[in-house]
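>>> My questions concern the predicted model and sequence given below.
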Amino acid sequence: MSDLDVCRIKNEEEETDPVKLEETSIPETTPNSIKTCFSKTASKSFLCPHCEKVLGSKCSLAEHIRIHTGERPHPCPHCGRCFIRKSRLTEHMTVHTGERPFACPQCEKSFRRGAMLKQHLRIHTGERPYTCPQCEKSFIHEANLRKHIKIHTGERPYTCVQCGKSFIHKHKLDIHVRIHTGERPYKCVQCGKTFNRQDKLAAHMRVHTGQYPYTCSQCEKSFAKKATLKIHMKIHTGEVSRP
């Protein structure tokens, strides 16, 4: 037998080695069958059979597949909320403990998560890394960009079941629904007056505190509400006549 034949046989044996096939094959996708995470080199990759996303390790694949299966094996002992990853549970626990370990070096504001601090720091640096491809308006948070883009697409996915009016943002729908329910959850601690929106309560509180934070750039007259300032500015632009 020639040296070439020996090498050919050895290569065929390596290709059919069950151990090597097991290392490179995609693991079972049922939640109970994926229990152990093995360290892999950077060249290894694992394909999700549900959405074809490529993951770098069996551990990452196992956690990712829970998005599809709905498995959330890490419950909070305080409120029962469950999480896909243990790291998410650890972050959530700070809600109950009050711990805010990530402090801003600029203003000393603190946060529960490092990612929240990173986003906050953009207020100080002026960084706005998420830019709208339609109008080039930029944002600190990616979520705000996604919401903004709906202005261009005309998408209004949140519809009131009472009157059919639709909204770009869910929180706008939540506020609108209070018109139908009569709910006014924001109460003034000074006089007991209630409001359906938090910003309306904040504006009302200035009646008690005497704050007038909105100042006219033309005559320096100040107002408690931004809307009142806008109405006043029409006097200077000539849109309305002076009383």
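Thanks, I have it.

>>> For Thr125, see how far away the nearest residue to Arg113 once chain neighbours are set aside is.
Leaving out its chain neighbours, the residue that sits closest to Arg113 by C-beta to C-beta, 6 or more residues apart in numbering is Glu91, at 5.3 Å. Where you see a C-beta, it was placed from the backbone N, CA and C, and this is true even at glycine. Glu91 is 24 Å from Thr125, where distance means C-beta to C-beta, to the nearest Å.

>>> how many neighbours does the residue nearest to Arg113 have?
16 (other C-beta atoms under 10 Å).

>>> got a list of contacts for the helix or strand containing it?
Element membership for Glu91, per DSSP states H and E: helix 86-97. For helix 86-97, contacts defined as C-beta atoms under 8 Å, 6 or more residues apart in numbering pick out His74, Pro75, Cys76, His78, Cys79, Arg81, Phe83, Glu99, Arg100, Pro101, Arg112, Arg113.

>>> Next, give phi and psi for the residue nearest the centre of the chain.
The centre of the chain sits closest to Ala143, judged by C-alpha atoms, centre = their mean, with a distance of 5.8 Å. Main-chain dihedrals, Ala143, degrees, to the nearest 10: phi -60, psi -40.

>>> Just the pLDDT for it.
If you check Ala143, the pLDDT there is 87.

>>> Report the residue spans of the chain with pLDDT below the cut-off.
Applying pLDDT under 70 to the chain flags the ranges 1-43, 240-243.

>>> how is it carved up into domains?
Annotated domains of the chain cover 28-33+43-98, 100-155 [automatic domain parsing].

>>> Output these as TSV; include the columns distance to Ile168.
Formatted as TSV, the domains of the chain follow (distance: least, C-beta to C-beta, whole Å):
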stretch	distance to Ile168
domain 28-33+43-98	26
domain 100-155	5
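
>>> what about the closest residue to Cys160 other than its chain neighbours, how many neighbours?
Nearest-residue entry for Cys160: His176, 5.8 Å, with adjacent residues in sequence omitted and distances by C-beta to C-beta, 6+ apart. Using other C-beta under 10 Å, His176 has 17 neighbouring residues.

>>> Secondary structure element holding His176?
Per DSSP H and E: helix 170-181 holds His176.

>>> Report the buried residues of the host helix or strand of Lys200.
In the assignment (DSSP H and E), Lys200 maps to helix 198-209. Within helix 198-209, the residues that count as buried by 16 or more other C-beta atoms under 10 Å are Lys200, Leu201, Ala203, His204, Met205.

>>> now the residue nearest to the centre of the chain: how far from Lys150?
Taking C-beta to C-beta, one finds Ala143 at 12 Å from Lys150.
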